[in-house]
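In: structural data only, the sequence is not supplied:
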Ligand code: HMG
Ligand code: MG
């Protein structure tokens, strides 16, 4: 089979800039500015947006206003807001703030997991038993992340079998999808194929998303491998904003504009208006006070100027 022979008609974009994008910002971003960014993303047609994380404010000060952000974003038909949640306390906060989806997270490498949530992988999965079930019982949906799938900033290579076992545990507990994280953006295309081949022996493609940080410029190449193999959900951040505070050197996610530009160019539908998305990137840039690394964000959408 030739490369790009087998592409989907449509892709679901899961936008993470209000959470993954902003969590690494040292200067506190005003709550109303976060809400403005989320509204701009909604205007652009994004339908799945991770708006905040209900984690400890000591650990991630930028997310201290998650409750207010969740209360202030305007509910809209067809738009699903999600929030990161590490434990039962996070779930309680999410429920009180009216968020309908939570995302739980665990790393495929012990050291990153401990640095991130101060627990072993096994204890983290045990903690989620008290989170995922109650969330589902209250009518929420739950997504799961498996981080450091392509490599760990502390341990180097990571065995994808460990990630698969974690993913299976999360799906068994009731997550509807696991998003595989290249947390520090080290992945290359054949590695992506090997990881997905392993997963697809046991997990259906619709239950797998790719969450690729673009630290070394390989994210879009890895997306193409995913697309060809049947993945139809990709996590991105407008402008390429972001990074993980507990993964040194991690840059932002693949820029949403870069993904959408490439997908639309290949005739794949996203439901997103690229011009408005570019405007949302300008909002993101304005609220953090600097230019962002996304390629389309910097170059613009069209090559011809009139
Ligand atoms: P801990 O210190 O082991 O837990 O932290 P603790 O239970 O002893 O709590 C410590 C303090 O936090 C206490 O407050 C708790 O009340 C409070 P204190 O008594 O010191 O005043 N606390 C909370 N406060 C608000 N909301 C909560 C909550 N839980 C406890 N839910 C903990 C454990 C998990 C809380 C901590 O390690 C933490 O918050 N970690 C956050 C890590 C994080 O947000 N990392 C970045 C996101 S993950 C990521 O970016 C990767 C991803 O994008 C995928 C990829 O790229 O691969 C998802
Ligand atoms: Mg991330």
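Out: Arrived safely, thanks for sending. Keep in mind that what you see is a predicted model, and the values were worked out from it rather than measured. Residues are numbered from 1 along each chain as shown. Ligands and ions are numbered 1, 2, ... in the order given.

In: could you use CA atoms for every contact and neighbour count after this?
Out: OK.

In: so for stretch 292-302, mean pLDDT?
Out: Here stretch 292-302 scores 95 as its mean pLDDT.

In: what's it in contact with?
Out: 238-241, 254-255, 257-258, 261, 274-275, 278, 281-282, 285, 291 (C-alpha atoms under 8 Å, 6 or more residues apart in numbering).

In: cutoff 6 Å now
Out: Applying C-alpha atoms under 6 Å, 6 or more residues apart in numbering, the external contacts of stretch 292-302 come out as 239-240, 255, 257-258.

In: in helices, which of the residues you listed fall?
Out: 257-258 (DSSP state H).

In: may I see the PyMOL selection of the buried members of the contacts of stretch 292-302?
Out: Here is the PyMOL command that selects the buried residues among the contacts of stretch 292-302 (16 or more other C-alpha atoms under 10 Å):
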select buried, resi 239+240+255+257+258
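
In: got the contact list for stretch 67-84?
Out: The contact list for stretch 67-84 (C-alpha under 6 Å, 6+ apart) reads 35, 47-53, 97, 101-103.

In: stretch 168-185 too?
Out: Contacts of stretch 168-185 with the rest of the structure, by C-alpha under 6 Å, 6+ apart, involve 142-150, 207-216, 250.

In: the residue nearest in space to the middle of the chain: which element?
Out: The centroid of the chain falls nearest to residue 235 when counting by C-alpha atoms, centre = their mean (4.2 Å). Remark: residue 235 resides in strand 233-236, with elements defined by DSSP states H and E.

In: list the contacts of that strand.
Out: 11-16, 209-211, 253-256.

In: work out for me the element the closest residue to ligand 1 within the stretch 201-306 of the chain sits within.
Out: Nearest to ligand 1, among the residues of the stretch 201-306 of the chain, is residue 244, at 4.4 Å (C-alpha to the nearest ligand atom). Taking DSSP H and E as the definition, one finds residue 244 inside no helix or strand.

In: same question, residue 68
Out: Secondary structure from DSSP H and E places residue 68 in helix 66-72.

In: show the subsequent helix or strand relative to that helix.
Out: With DSSP H and E, the next secondary element past helix 66-72 is strand 80-84.

In: buried sites along that next one?
Out: In strand 80-84, counting by 16+ other C-alpha under 10 Å, buried: 80-84.
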